[in-house]
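A.B. asks: Sequence first, then the predicted structure:
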Amino acid sequence: MGAEKGQMLRCHCKNIVSRMTPKACRARTLGFALTAGVLLNLIACQQAQTIQGLPSMAQLQQSHTLQQNPSVQPLEKSQNQQYEVELFWKEQSISFLLLSNLVSSTMQNGASHQPKTYQQVIGMTVTGQVLFELHYDGKKVDVVQSIDAMKRIPFDYLYRDMVWATLSEDVLKTTLKNTPYTAQSKQMAHHVTRVILQNNQQVYQAQYNADGSIEVKNLNVPYKMLLSPIQDDFLQAD
């Protein structure tokens, strides 16, 4: 069943690619040697640290991670989410499609079968090339596959920055207990801003816009990331 869901998610990827609007396909075909270089410069400085602040699988299921605008509107029930992601660092930017799915499968352990739940995350180009596939079981991020140019990217930190933006507020605060991090939310006139502090110093910010997009700023690196939701009805259009 897990393999079937994975194949369905890849089909969703291809469907998205085939229906991308001209605006979404604007001048984003950078070489992936450059892509890897940008991402490495974004977060390689954090590699020596032990990553903290990742949610458990129960917390992911509770929050339905990678939902759009968790601080502005109620979470939807679907656990399949699609985003267009844009990363900005200095004068450079890269784009890819991000698709997420909570997968339940059964693993055989000797004579018994044990249920397994994990989050599957796939990154693709707008032309349909799979850049990476991640599985997160609530404890660690496993890189199932990635193109050669992205082998050295610390995906666990990239994943964490996305998850921090998409977890519901209550679940995020629970996730950050017993870590150096604390989360706060501020209601502004036209948007909600979420900030994360490390030892009382702001290191992260996520801004939730009325159109459903999320602007993420990692202030340690620094770099910016824009998550723009791709609607389910867009995928199902004829």
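C.D. replies: That came in fine, so what should we check first? Residues are numbered from 1 along each chain as shown.
A.B. asks: biggest strand in the protein, by residue count?
C.D. replies: Criterion DSSP state E: the longest strand present in the chain is strand 92-109.
A.B. asks: Which stretches in the protein count as strands?
C.D. replies: 81-89, 92-109, 112-124, 130-136, 141-146, 181-187, 192-198, 201-208, 214-218, 223-229.
A.B. asks: re earlier: list the buried ones in the longest strand of the chain?
C.D. replies: 93-103, 105 (16 or more other Cβ atoms under 10 Å). For glycine as for every other residue, the C-beta is placed from the backbone atoms N, C-alpha and C.
A.B. asks: got it, and stretch 147-156?
C.D. replies: Result for stretch 147-156 [16+ other Cβ under 10 Å]: buried residues 149-150, 153-156.
A.B. asks: Stretch 184-204 too?
C.D. replies: For stretch 184-204, by 16+ other Cβ under 10 Å, it's 191-192, 194-196, 198, 203-204.
A.B. asks: okay, that stretch in PDB with CA atoms only?
C.D. replies: Written as PDB, here are the backbone C-alpha positions of stretch 184-204 (Å, rounded to 0.1, in the frame of the first residue of the first chain):
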ATOM      1  CA  GLN A 184       5.400  33.200  19.300                       C
ATOM      2  CA  SER A 185       2.700  34.500  17.000                       C
ATOM      3  CA  LYS A 186       1.800  38.100  16.200                       C
ATOM      4  CA  GLN A 187      -1.500  39.100  14.600                       C
ATOM      5  CA  MET A 188      -0.800  42.000  12.100                       C
ATOM      6  CA  ALA A 189      -3.300  44.000  10.100                       C
ATOM      7  CA  HIS A 190      -3.100  41.800   7.000                       C
ATOM      8  CA  HIS A 191      -1.200  38.700   8.000                       C
ATOM      9  CA  VAL A 192       0.000  36.600  10.900                       C
ATOM     10  CA  THR A 193       3.700  36.400  11.700                       C
ATOM     11  CA  ARG A 194       5.300  33.400  13.600                       C
ATOM     12  CA  VAL A 195       8.700  33.900  15.200                       C
ATOM     13  CA  ILE A 196      11.000  31.400  16.700                       C
ATOM     14  CA  LEU A 197      13.500  32.400  19.400                       C
ATOM     15  CA  GLN A 198      16.700  30.600  20.400                       C
ATOM     16  CA  ASN A 199      17.900  31.700  23.800                       C
ATOM     17  CA  ASN A 200      15.700  34.800  23.500                       C
ATOM     18  CA  GLN A 201      17.200  35.800  20.100                       C
ATOM     19  CA  GLN A 202      15.000  35.600  17.000                       C
ATOM     20  CA  VAL A 203      16.400  33.100  14.500                       C
ATOM     21  CA  TYR A 204      13.300  32.300  12.300                       C
END
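A.B. asks: so for it, what's the average pLDDT?
C.D. replies: Regarding stretch 184-204, the rounded mean pLDDT is 91.
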